[in-house]
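Trainee: this one's sequence-less:
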């Protein structure tokens, strides 16, 4: 069985090696993710509307 104290020392040593992003980098990345989410949502709304109108147009031939 491994020594728990040695394990905790190793965990701390590995955590010290982590390079954390700056506040500015975090805000920029968050903004870009939010922008991409909005763009994807708009794209899917547009595609959904095109499909809805196309299906409605096709089905309108059956009512004549």
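Mentor: Perfect, I can see it now. All of these numbers come straight from a predicted model, not from anything done at the bench.

Trainee: what about residue 35, distance to residue 29?
Mentor: 11 Å (Cβ to Cβ, to the nearest Å). C-betas here are computed from N, CA, C, even on glycine.

Trainee: actually residue 40, not the one I wrote
Mentor: 16 Å.

Trainee: try residue 56
Mentor: On the measure of Cβ to Cβ, residue 56 and residue 29 end up 41 Å apart.

Trainee: any weak-confidence spans in the protein?
Mentor: Counting by pLDDT under 70, the chain contains low-confidence ranges at 1, 64.

Trainee: please redo it, this time with the cut-off set to 90
Mentor: Where the chain drops to pLDDT under 90, the residues are 1-4, 61-64.

Trainee: neighbours of residue 5, how many?
Mentor: The number of residues packed near residue 5 is 8, by other Cβ atoms under 10 Å.

Trainee: which helix in the chain has the most residues?
Mentor: For the chain, the helix with the greatest residue count under DSSP state H is helix 23-60.

Trainee: may I see the buried residues of that helix?
Mentor: Buried residues in helix 23-60, counting neighbours by 16 or more other Cβ atoms under 10 Å, are absent.

Trainee: by contact count, what packs against that helix?
Mentor: Helices and strands in packing contact with helix 23-60 are not found; criterion 3 or more Cβ pairs under 8 Å, 6 or more residues apart in numbering; DSSP states H and E.

Trainee: run the chain-centre distance for that helix.
Mentor: Computed by Cα atoms, centre = their mean, to the nearest Å, the chain-centroid distance of helix 23-60 equals 13 Å.

Trainee: likewise for stretch 55-64?
Mentor: The chain centroid and the centroid of stretch 55-64 are separated by 38 Å, computed with Cα atoms, centre = their mean.

Trainee: ok, stretch 22-36 next?
Mentor: For stretch 22-36, the distance to the chain centre is 12 Å (Cα atoms, centre = their mean).

Trainee: state the three-state secondary structure for residue 21.
Mentor: Per DSSP: H, G, I helix; E, B strand; the rest coil, the local secondary structure of residue 21 is coil.

Trainee: excluding sequence neighbours, find me the nearest residue to it.
Mentor: In space, not counting the residues next to it along the chain, residue 21 is nearest to residue 29; the distance is 7.3 Å by Cβ to Cβ, 6 or more residues apart in numbering.
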